[in-house]
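[1] Sequence plus the predicted model coming up.
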Amino acid sequence: MIRPPRVYPPAITRATAARRPAFTLLELVLVMVIICIALAVAAPSLSGWARGNRMRNVADQVIALTQFARSQSVATSSIYRLKLDAASRTYYLMVQDGQNFAPLGNEIGRQFTVPDEFGLQILDPAGQSREWIDFYPNGRAQAGKIRVTSADGAEALEVESLSPAEPFRLVQPGAPQ
């Protein structure tokens, strides 16, 4: 049996290596510079997005507390209170115990701290500031809004209940209802 002759690949020479398509170091550095410039331009808007996300987290936490307070007041036939302490920048739930309100004594009753970059305010339907919202055993609550604002006042979110029978929900200030 006759075997065909072996064919070996041609040796790579400088001439064939120079003809192969590839990126030069200068081209790679230029692309990296363009990417860095694009990120530098986009970074300020990304930091604003992160702050808005943290503000939304505070509002979501307040909504969760209002939902819990409403359901627990019905389930236990007790008045629950969401209290805001502006001096210590905290908010928490309390339950009525006789004539006074006492802490819940569980994880959901702990004090939540408002981050330094935000402000929190409770307003009645007339726009007057107050320190708490009560939730009653009949499923109703004091109507009003809880405003979460950035420290500079440029951004705001509102958690609002338009009537005692409605749950609190997130709204954008100035947006149509």
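    It's in.
[2] Need the three-state assignment for Leu39.
    helix (DSSP: H, G, I helix; E, B strand; the rest coil).
[3] To which secondary structure element type does Ser71 belong?
    helix.
[4] Make 11 the first number, not 1, from now on.
    New numbering, starting at 11: the last item is Ser81.
[5] how far away is it from Arg140?
    Applying C-beta to C-beta, to the nearest Å, the value for Ser81 to Arg140 is 23 Å. In short, each C-beta sits where N, CA and C put it, glycine included.
[6] cool, and Ala69?
    Distance from Ala69 to Arg140, by C-beta to C-beta: 18 Å.
[7] One more: Ala79?
    Distance, Ala79 to Arg140, using C-beta to C-beta: 16 Å.
[8] neighbour-wise, which of the two wins?
    Ala79 (24 against 12; other C-beta atoms under 10 Å).
[9] my read: the more buried one touches Leu92, true?
    Yes - Ala79 is in contact with Leu92 according to C-beta atoms under 8 Å; the separation is 5.7 Å.
[10] Could you list the low-pLDDT ranges of the chain?
    The model of the chain has pLDDT under 70 over residues 11, 17-30, 55-61, 182-187.
[11] Provide the backbone phi and psi angles at Phe125.
    Not quite, residue 125 is Pro, not Phe. With angles defined as degrees, to the nearest 10, Pro125 sits at phi -60, psi 150.
[12] hang on, Arg66 is in a helix, isn't it?
    Yes - applying three-state DSSP, one finds Arg66 inside a helix.
[13] For it, list the residues it contacts.
    Leu167, Leu180 (C-beta atoms under 8 Å, 6 or more residues apart in numbering).
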